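Asker: sequence below, structure please.
(2 chains)
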Amino acid sequence: MTADEKQEYIKVPGARIQLSHSSSLHMGQTHLLKLVNVGYSEDYRRYYYTDIQSLIAVRTSSHSVWSAAFVIWILTWISFIPLFSVNDSIARIVLVSIGGIGLLFLIINLIAGPTCKCYIRTAVSCDELPSLKRIRHARKAFEILNARIQTAQQHIEIPQPDAIAGVEGAQTAPQVVQPTSFATPPTPGLRMPKRAKAAPRFYNARFHELLLYLLVWDVIDTIIEFGFLGHEWTSTATNSAILLAMLTLCFLAAFKQHNSTLPKFIQSIPWLSIGLLATQITVITAYAISGLVPDEFDEQLLYSDSTLLMIVMVTTLVELLMIVFGLRSIFHYRNSSKRPPAVPAFGAAASPAVVGFASQGEEKPQPASPGVSPGMSPPDLPPLAGGQPPSPPAIPPVPESPRPDYPSL
Amino acid sequence: MAGIIECPACKTIMVPAPGGVRGPDACPACRRPLISYIFPAFYKPLEESSRGELVVLDSEATCFYHPAKRADVPCDVCGKFLCSLCAIDLDDKQFCPGCVEKSREKGVIKQLEKRRVLYDDIALSLSLVPILFWPVTLVTAPAALYTIIRYWKTPGSIVPRGKKKFILAGIIAILQIIAWAGVGVLIYKSWGQE
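Answerer: So this is what the prediction gives:
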C-alpha cells in the first residue's frame, strides 16, 4: 500500500453494523466511497463529487417503534416478577437483569436520536446510504460532504430562475409539486411538522372504566390476602393475571384516548396505573434484593413483614383514590358531554335531541316533513295549502331505456 | 432541468427553486421532514454522448472495433486505434474496452475495483475461532500462518487500516504452534521414560 493510498480516504460520520454485513462512507479526493463489508470481502461503490446532484434524508419511524418495543420488553419481563415469591431473589434478579437489557437498549436508542433514510442521487442513479441511519449522523455527514461537493462543482453554472421556468413543462407534470422556497433557514432538527389535527372525537372511556374495575378487583384480592385467606400459589397466579390484564388495558386505553374529548385526568389514568405498578414492583424487588427481608419471613403469610405490609397498604390507598376519583370523573364526563353532532341526512337538520344520548331519556327527533327543514327561515318555507304539508317535488319518470339489440351469433 | 427531487417516502416529485443549496425541508405531500442538499450538477443538462464520426477519406485511420468510424485516439495499453465511441477515459488515459476489462480483473485501475477480499480477517478468524474447538488448532494455526505469509503483500481493504490484524493473527497462531510443539515434546519424553 502506497503512502498516497493510506491518506486517500477520510471516514464520514455514521456506520451501520448488522449481523450479515456492515457499511460505512469514506471521502476520497475525487469521490465518495460507499463501503459494504460482507463476510470476508468488501464491496465498493463510488460517487464522484462532480456527478452528485442531491443528498436527501427523510425521517423514519424506526426510532419510535424500537423504543415502544423495548418498553414492552421491559414491562413484560417485570410483569413476571410477582410469579416468584419475595424470598426468591435469584429469580427476581434474573428477571430484572433481562428487563435491564431492554432498558439499556432503550437508553441507547433514545440517546442515538431519531432515525432516517438517506439517499444520494446522480443523473443515472438514486442509492440509499445505509450507514447514515441517524439524523444527527446524516446532518454531520451532509455538512461535510456539502463543502466538498460544492468545491468540486464550482465550475458548473447554476441557471437563474427565469431560465428554468417552464422548461419542458416540468411544473405542469401531474406529479410535480409546486416549487419549494429555498429562502427558509436551515432546519435546526428534523422535527415532524404538526399536521392538520383532526377534530377530537368522542370516546366513552370504556377501557378506562374497565381498568378501574380491575383495580377494584386488585384491592379486593389484596384485602383477601391481607386477611390471610389467600393461598400463596393462588394469590401469585391471581396477581399475575391482574397485572397482565392491567397492562393490556392500559395500552388499549392509551390508544383509544388519543385525540379524544376525554378530560386530562381521565387520560392520565392509564399512565398513573402503569406508574403505580412499576413503582410497586420496583420497590418490592429492591426490598427483596437488598436482603432486608427477615429470615423468619413466612412465604405463606406474605404480609407478616411490616415493610411489605406498608408498601402494599400505600399502594392500595393510592389505588382506592384512583378508583373513586376516576369513576366519578368518568360518570361525570359521560353525563355532561354530548356526542359530536351527527351529519344530518338530506332534508333534516341536527337538533339537540339528535346529538344527545338516547339512554338519557332525551327526546328522539321527530321525522321532519319532506322538503321542510327545521333550520329553514320563514321566507324560505314553501307556502302551505290548507294546512297540509307540501307535497314533495314531482320526480319526472325515467324513460325506460330500450334493450340493445345484440347481434345474433 | 436535468435532475429531480423525489420524496423517498411517498415518491412525490418536487421542483425546487433554482439557485439554492438547501432543498425542501419537508415533503409537501406526505409532510415528512427532509434534509436535502441540492448541488449545481442538479441543474446541469445531460450531455449527448458521442457516436463517433464516419470515415470520409480512404486514407483516414479507422477504429479497431468500428471500421466505418474514424479513429480519434490509440489505447494507452495495447495501442489499438479507437473512435470517440470506444475510447474510455480513465485517470487521463485512454483505454479500449478490452483493456478496461483486463485491468478490472487484474485490479490495475483502482477506480474500477468493486471488491476486495480481506485476508487479514480470514487469518484472524483462522487463529481465533478454532480456539473454541481447540484440537482443531493443530491444523488451523499453520493454515493461519500460511495465509499471513501468502497474502502479506496483497492489498487489503481500500480504506487503510494497517497490518494489525495480520500481526495479531500471527502472534496467536505462533503461540498455538508453540503450545502444540510443547505437547509433542512432553509426549515424546513420556514415551522415552517408558
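
Asker: okay, CA-based contacts and neighbour counts for the rest of this
Answerer: OK.

Asker: now do the helices in chain A.
Answerer: Here chain A has its helices, by DSSP state H, at A:3-6, A:62-79, A:89-112, A:135-152, A:161-164, A:206-226, A:232-256, A:264-290, A:306-336, A:352-355.

Asker: ok, now chain B?
Answerer: Using DSSP H, helices in chain B cover B:97-106, B:119-128, B:137-150, B:164-193.

Asker: does chain A have contacts with the top strand by length along chain B?
Answerer: Secondary structure assigned by DSSP state E gives strand B:34-38 as the longest strand of chain B. Yes. Judged by CA under 8 Å from any CA of the partner chain, strand B:34-38 and chain A are in contact via B:Leu34, B:Ile35, B:Ser36, B:Tyr37, B:Ile38.

Asker: and that strand, what does it pack onto?
Answerer: With contacts taken as 3 or more CA pairs under 8 Å, 6 or more residues apart in numbering or on different chains; DSSP states H and E, strand B:34-38 sits against strand A:54-59, helix A:135-152.

Asker: and B:Lys44, which of the ones you listed is closest to it?
Answerer: strand A:54-59 (12.2 Å; CA to CA).

Asker: check whether B:Pro40 really touches A:Thr122, as I assumed.
Answerer: No. The criterion here is CA atoms under 8 Å, and B:Pro40 misses it with A:Thr122 at 11.4 Å.

Asker: who touches both of those two?
Answerer: Here B:Pro40 and A:Thr122 have A:Gln53 as joint contacts, going by CA atoms under 8 Å, 6 or more residues apart in numbering or on different chains.

Asker: and these two? which has more neighbours close in?
Answerer: Taking other CA atoms under 10 Å in any protein chain shown, B:Pro40 and A:Thr122 do not tie; B:Pro40 has more neighbours (25 against 20).

Asker: quick check, pLDDT for that one.
Answerer: Per-residue pLDDT puts B:Pro40 at 87.

Asker: A:Pro340 too?
Answerer: On the pLDDT scale, A:Pro340 is placed at 49.

Asker: gap between B:Glu105 and B:Pro74?
Answerer: B:Glu105 sits 21 Å away from B:Pro74, going by CA to CA, to the nearest Å.

Asker: swap that for A:Phe80, sorry
Answerer: In this view, A:Phe80 and B:Pro74 are 77 Å apart by CA to CA.

Asker: again, but for A:Leu215
Answerer: Distance of A:Leu215 to B:Pro74, given as CA to CA: 88 Å.

Asker: do the same with B:Ile149
Answerer: If you go by CA to CA, the gap between B:Ile149 and B:Pro74 works out to 41 Å.

Asker: give me the more crowded residue out of those two.
Answerer: Set B:Ile149 next to B:Pro74 and count neighbours by other CA under 10 Å: B:Pro74 wins out with 19 against 13.

Asker: isn't B:Arg116 right up against B:Thr154?
Answerer: No. Between B:Arg116 and B:Thr154 there is no contact under CA under 8 Å: 10.0 Å.

Asker: what about the two, which has more around it?
Answerer: B:Arg116 (18 against 14).

Asker: now do the contacts for the more buried one.
Answerer: A:Ser41, A:Glu42, A:Asp43, B:Gly156, B:Ser157, B:Ile158.

Asker: again with A:Arg139
Answerer: B:Ile35.

Asker: from A:Trp66, how far off is it?
Answerer: Going from A:Arg139 to A:Trp66 by CA to CA gives 22 Å.

Asker: try A:Gln153
Answerer: Taking CA to CA, one finds A:Gln153 at 40 Å from A:Trp66.

Asker: cool, B:Lys80 as well?
Answerer: Separation of B:Lys80 from A:Trp66 (CA to CA) stands at 59 Å.

Asker: those two: who's more crowded?
Answerer: Counted by other CA under 10 Å, B:Lys80 and A:Trp66 do not tie: B:Lys80 has more neighbours, with 18 against 15.

Asker: if I follow the layout properly, the more buried one ends up in contact with B:His66?
Answerer: No. B:Lys80 lies out of contact with B:His66 (CA under 8 Å); the separation is 11.6 Å.

Asker: give me the number of residues near B:Val159?
Answerer: Using other CA under 10 Å, B:Val159 is surrounded by 17 other residues.

Asker: how about it: what's its closest non-neighbour residue?
Answerer: In this structure, B:Val159 finds its nearest non-sequential neighbour in A:Tyr9, 6.3 Å apart by CA to CA, 6 or more residues apart in numbering or on different chains.

Asker: I figured that neighbour hits A:Leu25, correct?
Answerer: No. A:Tyr9 lies out of contact with A:Leu25 (CA under 8 Å); the separation is 9.4 Å.

Asker: quick one: which of the two has more around it?
Answerer: Neighbour count, other CA under 10 Å: between A:Tyr9 and A:Leu25, A:Leu25 has more, with 26 against 19.

Asker: distance of the more buried one from chain B?
Answerer: To chain B, A:Leu25 is 10 Å away according to CA to the nearest CA, to the nearest Å.

Asker: contacts only, for that residue.
Answerer: Contacts of A:Leu25 (CA under 8 Å, 6+ apart): A:Lys11, A:Val12, A:Pro13, A:Gly14, A:Ala15, A:Leu32, A:Leu33, A:Lys34, A:Leu35, A:Ser131.

Asker: contact partners for the third one?
Answerer: Taking CA under 8 Å, 6+ apart as the definition of contact, the neighbours of A:Pro13 are A:Leu25, A:Leu132, A:His137, A:Ala138, A:Lys140, A:Ala141.
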